[in-house]
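[1] Below are the sequence and a predicted model; questions follow.
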Amino acid sequence: MNGEVSYYHDRYGLEADAVLHLKDGRYALIEFKLGSKEIDKGAEHLCEMERLIAEYNKKEKQVPLRLPDLKLVITATEYGYKREDGVYVIPIGCLKN
């Protein structure tokens, strides 16, 4: 994979269930949701985190943070798809070798 997975939580209350960090600097924000009813909530959370990063970058121009390269909701549902907001919904079964 050439990267690492971590959990993210900061002093402002922002958190992601997982962050996939690749060695080249790219990263993905990941939320895990068991049912289809929770997908919208997870996607909204990821989009809000991206919005807050962009807002921070406008205020603090000296050290801009990279926006996430990918936003994922990993779920126990059957189908994977890309939402209109750019969040990918991935069934956990698709992640096996």
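    Cool, got the structure.
[2] And residue 87, how close does it get to residue 61?
    27 Å (CB to CB, to the nearest Å). (Glycine included, C-beta is placed from N, CA and C.)
[3] Between the two, which has more neighbouring residues?
    Neighbours per residue, other CB atoms under 10 Å: of residue 87 and residue 61, the larger number sits with residue 87, 24 against 7.
[4] Tell me who's in contact with that one.
    42-43, 46-47, 71-73 (CB atoms under 8 Å, 6 or more residues apart in numbering).
[5] So for the residue nearest to it when sequence neighbours are not counted, what pLDDT did the model give?
    Nearest non-adjacent residue to residue 87, counting by CB to CB, 6 or more residues apart in numbering: residue 43, 4.1 Å away. pLDDT, residue 43: 96.
[6] tally of neighbours for residue 43?
    Counted with other CB under 10 Å, the neighbours of residue 43 add up to 22.
[7] quick one: secondary structure of it?
    Put simply, residue 43 is helix when judged by DSSP: H, G, I helix; E, B strand; the rest coil.
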